[in-house]
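>>> Here is a sequence with its predicted model. Questions after.
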Amino acid sequence: MSEVSIIGIGLHPFGRTPQRSGMEQGVVAAQAALADAGISWKDVQYAFGGSHAAGNADTMVNRLGLTGLPFINVANGCATGGSALLGAYMAIRSGQCDVAIAVGFDKHEAGAFVVNPADWGLGNWYGESGLALTTQFFAMKLKRYMHEHGITNDALVRVAMKAFANGALNPNAWRRKAMTYEEIAESPLLNDPLRKYMFCSPAEGGAALVLASPAAVRRSGGRKAIALRAAAIRTRNFGSFEVFSPSLALERAQSPSVMASRAAYEMAAVGPEDIDVAQLQDTESGAEIMHMAENGFCRDGEQEAMLRGGETMINGRLPVNTDGGCLANGEPIGASGLRQVYELCLQLRGDAGARQVPNDPRIGYSHVYGAPGVSAVTILGV
Amino acid sequence: MSGTQRSIDSQLFEWPAGEPRLIGGECKSCGVVSFPRQASCPRCCGSDIAARRLGNVGRLWTWTTQEFAPKSPPYAVTGAFAPFLVGYVELPGEVIVESRIVAARAQELSIGMPMQLAFEPLFTDADGVEVIGFAFAPAPRNA
């Protein structure tokens, strides 16, 4: 048995929930995770939680119970959920506690994220000039990648089609309607080559995971325990191309996703060929394509044929973003990374319903990426 | 200061000047060039960073379009929003600079094409002063 397991999972539906604050959505997710684990809040010894725009996570104790437990707020951009999970993982591995929870939630207004350049160490000129948009970065990284590796617009459409088809099978997804090739390919251009239905949107939602030591797993009966075999986070190297960069080095280096991925494979003692189901950051269609290679699932340029052959669909060789990913779920920053792990647990338990990956998946992989260049990877196994 | 124009940020480029250039930083320890100039080197962490006038010609490294209006603030615009172009331009032997791209349409852009430094009014501030930013434009064929 691994040293850390996930024994409870909970999710508040993603999308728009006007009657609930972001924090209330986090509480719903946390309570669902506790119920799933068959424990109560007073059994939780350590908490890590975060949101980007919906308040201080530790305030949730007003609703969950004033038990005096240590509660660490996490703020790490799009890797907030992954960082909360890493915190809970390390708390258990280090022997600080037997049961910990990682929780994330958010509630963003519609439209692209508002960016304050000073938060990213940039002068006001960067925002005033119209450069402080994450969408531009994704489009420009993608355009360079397509130029170097022969990826075409067809692949971008196929990723989005798959996402919405999977979202249609997921009762907790925001966008639950499959879309045709033409609807995606002819949607308005936002940042060339990316179109409206190739981008995820800021949204709302909550997700929570209960982690346990081997002793706590035994106490809980261990019916649903999924081993957390690796959790790794990395930031930028000199020479990688990351969001909000007024300049880039002439030399190229590996991305934080490549570094986090390699560290996670080493921790779990598995390789990409062992992964049965994967959730990869799909801020936009091209991100999923580039992240397939950065996480070791193919060589640069092979994605075009893989997508045309349906290899990353639910019934394909390597199902990717089986719950519809960020494209169909939207991106509540604090919750997004934990949603991926929630989905992997469902898949590994065989509880994913209409979107269940066939062939008894044993090992799952999740990856998030966010500004200003941070990646978090987890590997789960039954 | 008087006049009807000002630089968007006095640290970025020489203005006014006869032949204005971007001002980067060059690490005296490892030679790495970055833009804008910052107090320490992103590669070797050295802290002896000299100002360096960057070259004014290069090649387009990547690009995209901005078809929708960015949120204001931080975006500053006078009058109606018009879509614009953004890219990275590789200045040979120095650094790759992110910039708006002017005097071109999207259909005319391709990775690797020669570009040259340009300056453009971005918006008019609350005092009625025209604010100048840097940009790159396609270089004339025989430049």
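Perfect, I can see it now.

>>> Tell me how many other residues surround whatever residue of chain B ends up closest to chain A.
Here chain B gets closest to chain A at one residue, residue B:74, 2.5 Å apart by Cβ to the nearest Cβ. C-beta coordinates here come from the backbone N, C-alpha and C atoms, glycine included. Close neighbours of residue B:74, defined as other Cβ atoms under 10 Å in any protein chain shown, add up to 22.

>>> does the nearest residue to it once chain neighbours are set aside sit in a helix, a strand or a coil?
Nearest non-adjacent residue to residue B:74, counting by Cβ to Cβ, 6 or more residues apart in numbering or on different chains: residue A:127, 2.5 Å away. Assigned with DSSP: H, G, I helix; E, B strand; the rest coil, residue A:127 falls in the helix class.

>>> what does residue B:103 give?
Going by three-state DSSP: residue B:103 is coil.

>>> can you list the residues of chain A near chain B?
Applying Cβ under 8 Å from any Cβ of the partner chain, we find that chain A lies next to chain B at A:111-112, A:114-117, A:123-133, A:136, A:139-141, A:143-144, A:147, A:188-194, A:238, A:245-250.

>>> just the buried members of those?
Among these, the ones that count as buried by 16 or more other Cβ atoms under 10 Å in any protein chain shown are A:112, A:114-115, A:117, A:123-133, A:136, A:139-141, A:143-144, A:189-194, A:245-249.

>>> Check the offset of stretch A:9-26 from the chain's centre.
Centroid displacement of stretch A:9-26 relative to its chain, using Cα atoms, centre = their mean, to the nearest Å, is 16 Å.

>>> what distance separates the start and the end of it?
Start-to-end span of stretch A:9-26 (Cα to Cα, to the nearest Å) is 12 Å.

>>> Stretch A:102-111 now?
Taking Cα to Cα as the measure, stretch A:102-111 stretches 28 Å from start to finish.

>>> So which bits of that stretch are buried?
A:102, A:103, A:104, A:105, A:106, A:107, A:108.

>>> State the distance from the residue lying closest to the fourth one once chain neighbours are set aside to chain B.
The spatially closest residue to residue A:105, leaving aside those adjacent along the chain, is residue A:26, at 3.1 Å (Cβ to Cβ, 6+ apart). Between residue A:26 and chain B the distance is 26 Å, computed by Cβ to the nearest Cβ, to the nearest Å.

>>> Surely residue A:26 is in a strand?
No - read with three-state DSSP, residue A:26 is helix and lies in no strand.

>>> wait, isn't it in contact with residue A:104?
Yes - Residue A:26 is within contact range of residue A:104, at 6.9 Å (criterion: Cβ atoms under 8 Å).

>>> anything in contact with each of the two?
The contact sets of residue A:26 and residue A:104 overlap at A:49, A:51, A:57, A:206, A:208, A:334, A:335 (Cβ atoms under 8 Å, 6 or more residues apart in numbering or on different chains).

>>> What count of nearby residues applies to the fifth one?
What that stands for is residue A:208. Neighbour tally, residue A:208, other Cβ under 10 Å: 32.

>>> Over to the third one?
Burial of residue A:57, expressed as a neighbour count using other Cβ under 10 Å, amounts to 27.

>>> same thing with the second one?
Other residues within reach of residue A:51 by the criterion other Cβ under 10 Å amount to 30.

>>> Report the contact partners of the residue nearest to it when sequence neighbours are not counted.
Excluding the flanking residues, the one nearest residue A:51 by Cβ to Cβ, 6+ apart is residue A:334, at 3.8 Å. Contact analysis of residue A:334 by Cβ under 8 Å, 6+ apart lists A:22, A:26, A:49-52, A:54, A:57, A:80-81, A:104-106.

>>> Report the secondary structure state of residue A:138.
Three-state assignment for residue A:138 (three-state DSSP): helix.

>>> Now do the contacts for the residue nearest to it when sequence neighbours are not counted.
Leaving aside its sequence neighbours, residue A:138 sits nearest to residue A:284 (Cβ to Cβ, 6+ apart; 5.0 Å). Contacts for residue A:284 (Cβ under 8 Å, 6+ apart) come out as A:135, A:138, A:139, A:142, A:194, A:198, A:199, A:200, A:327.

>>> For the fourth one, which non-adjacent residue is spatially closest?
I take that to be residue A:142. Closest to residue A:142 by Cβ to Cβ, 6+ apart is residue A:286, at 3.4 Å.

>>> Could you say which helix or strand holds the one you found?
helix A:285-294 (DSSP states H and E).

>>> for the helix or strand in which residue B:6 is found, what is the average pLDDT?
For residue B:6, the host element (DSSP H and E) is strand B:5-7. The average of the pLDDT scores along strand B:5-7 is 96.

>>> what's the answer for stretch B:96-105, then?
97.

>>> In it, which residues are buried?
B:96, B:97, B:98, B:99, B:100, B:101, B:102, B:104.
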